[in-house]
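> for reference, the sequence and a predicted model appear below.
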Amino acid sequence: MAKETQPRWDRRMQQRLTRGEAAALGELYDRFATLVHSLAHRVLADDEAADRTTRDVFGYLWENPGDFDPRQGSMRSWVARVTNRIAVERLRRTGAAALARGAAGTTEELEARVRRASAEARADYIRTSMPAPLRQALELAYFERRNYRQTAADLGVTEDEARRRLRLGLQLLSTAHTRPADGGGSPPGHGRSL
């Protein structure tokens, strides 16, 4: 049997969640728990808070499957958007509580931290979600310090193709800093194909 296409899987998963199938929640968890936890940890920089956020995210997904709109993008993008929103809300709450206790800096410093953590989480999501050829080119250029000629040789592509991949990958990453910090915006690629 052919592998089920992603949009079909997304719609079927939403239907199963809407019907209250516990097995659907388990399948959703198996597929996205690592993504949710890593995004939450990226925003919160705390394992315990990321664990609580992961539980909150899957609780929200279970209780609100109707919020997913397949016309707006994939289930993965929706899960990432929900995670970012819940993690940012938790960061603001804990930061506000620390401000009230006098254990943190100013409100402006808290908001700057929220914006920075949210942008970092979006950049991480973009990097892990982008097509493999773009990700490989960026990783060679950034982590291995390869120029476009070396990247082309390592990937076995033309120099023009290596430049194209690097340019597209950087364009995708640049969108991480143009989204609102409140988590209300869609992750890059939400509603369109990357």
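Cool, got the structure.

> from now on I want contacts and neighbour counts done on CA atoms only, so please keep to that.
Noted.

> how about low-confidence regions in this structure?
Scanning the chain for pLDDT under 70 picks out the ranges 1-5, 95-107, 110, 177-194.

> any chance you could map the strands in it?
Read by DSSP state E, the chain holds no strands at all.

> center of it, which residue is that?
Centroid check for the chain by Cα atoms, centre = their mean gives residue 125 as the closest residue, at 3.5 Å.

> do you know how far that residue is from residue 43?
12 Å (Cα to Cα, to the nearest Å).

> about what we covered before: in contact with the residue nearest to the centre of the chain, which residues?
39, 80 (Cα atoms under 8 Å, 6 or more residues apart in numbering).

> please parse the chain into its domains.
Following automatic domain parsing, the chain resolves into domains at 9-129, 130-181.

> where is the longest helix in this protein?
helix 75-101 (DSSP state H).

> how distant is that helix from the center of its chain?
How far helix 75-101 lies from its chain's middle: 13 Å, per Cα atoms, centre = their mean, to the nearest Å.

> repeat that for stretch 33-48.
Counting by Cα atoms, centre = their mean, stretch 33-48 is centred 10 Å from the centre of its parent chain.

> buried stuff in it?
For stretch 33-48, a neighbour-count test (16 or more other Cα atoms under 10 Å) marks 33, 35, 36, 37, 38, 39, 40, 41, 42, 43, 44 as buried.

> I'd like those residues laid out as TSV, including distance to residue 70.
Formatted as TSV, the buried residues of stretch 33-48 follow (distance: Cα to Cα, whole Å):
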residue	distance to residue 70
33	20
35	19
36	19
37	23
38	24
39	22
40	23
41	27
42	26
43	26
44	28
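
> do a quick rundown of the helices in the chain.
Chain-ordered helices for the chain, with DSSP H as the definition, fall at 6-18, 22-44, 47-63, 75-101, 107-129, 132-143, 148-155, 159-174.

> next, count neighbours for residue 67.
Residue 67: 11 surrounding residues under other Cα atoms under 10 Å.

> same question, residue 8
With other Cα under 10 Å as criterion, residue 8 counts 11.

> and the gap between the residue nearest to the centre of the chain and residue 159?
Distance of residue 125 to residue 159, computed by Cα to Cα: 27 Å.

> count of residues packed around residue 149?
Counted with other Cα under 10 Å, residue 149 comes out at 16.

> give the contact list for it.
Shown in contact with residue 149 (Cα under 8 Å, 6+ apart): 159, 162.

> how far away is it from residue 49?
43 Å.

> quick revisit: tell me the one of the buried residues of stretch 33-48 nearest residue 114?
Comparing those against residue 114 with Cα to Cα places residue 43 closest, at 7.6 Å.

> wait, that closest one sits on residue 115?
No - the pair residue 43 and residue 115 does not pass the contact test of Cα atoms under 8 Å, sitting 9.3 Å apart.

> neighbours of residue 119, how many?
25.
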